[in-house]
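Enquirer: Fold the stuff below for me.
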Amino acid sequence: MDIGDKLRTAVSRYQLLAAGDRVLVAVSGGQDSVALATLLADLRQELQLDDLVIGHLHHGLRGAAADADQASVKALAERLGCGFVTERVDVAQLARERRVGIEVAGREARYAFLQRAAESHQCSKVALGHTATDRAETLLMNLMRGAGLRGLASIPPRRGIFVRPLILATRQDTADFCRSRGLRVCEDSSNSDVAYRRNRVRAELIPQLEAQYGPGVEAALCRAAEHAWQELEWTEPLVAETYQRCSVGGALRVAEVQALAPGLRLRVLRHFLQRAGFPVRDIGTERWEALSELVAGGETGKRVELARGLSVCLEYGLLKVGSSAPGPSWEQEITLSVPGRVSLPDGRSVVAEWVTGEVPEGGPAVGVLDADRAGPELQVRLCRPGDRFVPSGMRGRKKLQDYFVDAKVPRAQRRPLVVLARGEILWVVGHRLAETARPSETTRRFLVVRVVGERMRS
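Expert: Here you go, the predicted model:
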């Protein structure tokens, strides 16, 4: 089966693309993404795609080499007759602001860029160049850190609008294709630096396994990942249903979580943290065990520290995600144009983007508003004495202080961020939307507001 047939099989098997899709293709300039863009351009009519747009993010690293990559990808888009969109982000600065590594900051920046580009170019899918080789490498890396079922599933063929049409093709397939077509590809020198774990797995571990146990190790790893992913596919809706039964206002009722089987309990806790906007890949085994102990028999007020300045706290029988940092003390009101991003004085950032179609998933750190009711400009600040809003589901205004008392919010957590438009509070971050901006059954355009990053400690 050649690489074109492997792409066709993946598209059909995993329902990655549909007739009429407008597709944003993420292209770094490397052989996998160049092969993907070229194949999709070749098969555009056969797959009945509406259009292709190539997206490239300049990470602000590697100097002139990165500039050359950007120029090469732009030239590829022109040759293929595709649209082209690019942005430049200072990933090193982003890593410092969020207190994460360069790799994590780069990944987050790429996905944020692709989301924005897909929205601005009305693309229904974003195609990524991950291959079966990437899937095998990721499974080994996850296995060595003791990952659970999701980690063993490795890289999924699809997740939301992100699809991976080359998930059945190998890196050798893409190399052979690019060579046969005479395609220019960009070589990132960091891909051969064995200081990075993935590169060691690629250059050392998998070749050793193939040499000692015979060829076929990569394919076997991909089969194992596929089996795990299939289990996730049919069980994830059950986890989401269980979470809904156990949750109230973005918190979890501990008594109900305690009654769950251990495996389901862990899946529900993971779902809970993901909805809160927490990157669960940052949580180690020790923290998961501490969370399980908190659920099993913790006392009110007990807290488990996670990472990035966040923690999980048990309050009045409810499990809540909050900040580990001391209370913030800045006073200014910051304007946020939509779509856009602003940095806050306490180290966090607020990102706003428009989404159309199905209702996006919200959470304590993700507010989903009616875009038309919210408008194109927001303000972000900490709540102030005397602030009032109309809690979702209610008609009359209520003082935030009274709301916190009624909701049994600990005093230390009674100065959250608020998001406003034209002076009206639309969302009390981590707590509740306002009725004045809550999506209705007729809402078709949503404004998704995310609070990301770690609050600085004073």
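Enquirer: pLDDT averaged over stretch 249-265, what's the number?
Expert: Taken as a whole, stretch 249-265 has a mean pLDDT of 90.
Enquirer: which stretches of the stretch 251-400 of the chain form strands?
Expert: For the stretch 251-400 of the chain, applying DSSP state E, counting those that start in this stretch gives strands covering 251-253, 303-305, 310-315, 318-323, 334-337, 340-343, 349-356, 366-370, 377-382, 388-389, 398-399.
Enquirer: then the fifth one to PDB, C-alphas only?
Expert: When you say that, I think you mean strand 334-337. C-alpha atoms of strand 334-337 as PDB (Å, rounded to 0.1, in the frame of the first residue of the first chain):
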ATOM      1  CA  ILE A 334      -7.400  45.500  30.800                       C
ATOM      2  CA  THR A 335      -9.000  45.700  27.400                       C
ATOM      3  CA  LEU A 336      -9.200  42.500  25.300                       C
ATOM      4  CA  SER A 337     -10.100  42.800  21.600                       C
END
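Enquirer: Strand partners (parallel or antiparallel) of that strand?
Expert: Using DSSP bridges, the strands paired with strand 334-337 are strand 377-382 (antiparallel).
Enquirer: Convert the partner strand to PDB, retaining C-alpha atoms only.
Expert: What follows is strand 377-382, C-alpha atoms only, in PDB (Å, rounded to 0.1, in the frame of the first residue of the first chain):
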ATOM      1  CA  GLU A 377     -14.300  44.000  23.000                       C
ATOM      2  CA  LEU A 378     -14.000  42.800  26.500                       C
ATOM      3  CA  GLN A 379     -12.500  44.100  29.700                       C
ATOM      4  CA  VAL A 380     -10.700  41.900  32.300                       C
ATOM      5  CA  ARG A 381     -10.000  42.800  35.900                       C
ATOM      6  CA  LEU A 382     -10.300  41.400  39.500                       C
END
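Enquirer: Show residues contacting stretch 89-97.
Expert: 57-61, 101-102, 104-106, 108-109, 113, 343, 347, 349, 453 (CB atoms under 8 Å, 6 or more residues apart in numbering). Quick note: C-beta positions are derived from backbone N, CA and C, even for glycine.
Enquirer: Reformat the strands of the stretch 251-400 of the chain as JSON lines; add distance to residue 136.
Expert: Listed next are the strands of the stretch 251-400 of the chain as JSON lines, based on distance: least, CB to CB, whole Å:
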{"stretch": "strand 251-253", "distance to residue 136": "35"}
{"stretch": "strand 303-305", "distance to residue 136": "34"}
{"stretch": "strand 310-315", "distance to residue 136": "32"}
{"stretch": "strand 318-323", "distance to residue 136": "34"}
{"stretch": "strand 334-337", "distance to residue 136": "42"}
{"stretch": "strand 340-343", "distance to residue 136": "35"}
{"stretch": "strand 349-356", "distance to residue 136": "33"}
{"stretch": "strand 366-370", "distance to residue 136": "32"}
{"stretch": "strand 377-382", "distance to residue 136": "43"}
{"stretch": "strand 388-389", "distance to residue 136": "50"}
{"stretch": "strand 398-399", "distance to residue 136": "54"}
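Enquirer: ok so, going back, which ones among the contacts of stretch 89-97 lie within strands?
Expert: Per DSSP state E, strands hold the following members of the contacts of stretch 89-97: 57-58, 343, 349.
Enquirer: Poorly predicted segments of this structure, please.
Expert: Across the chain, residues meeting the criterion (pLDDT under 70) sit at 98-99, 190, 277, 279, 282, 307-309, 323-329, 408-413, 453-458.
Enquirer: can I see the domain layout of it?
Expert: Domain assignment for the chain, taken from automatic domain parsing, gives 3-213, 249-323, 334-452.
Enquirer: Report the distance from stretch 356-371 to the chain centre.
Expert: 14 Å (CA atoms, centre = their mean, to the nearest Å).
Enquirer: So for it, first residue to last residue, what's the gap.
Expert: Length of stretch 356-371, first residue to last, CA to CA, to the nearest Å: 10 Å.
Enquirer: can you check stretch 77-86 too?
Expert: 11 Å.
Enquirer: Can you tell me what sits against that stretch?
Expert: 24-25, 27, 37-38, 41, 51-58, 70, 73-74, 117, 120-121.
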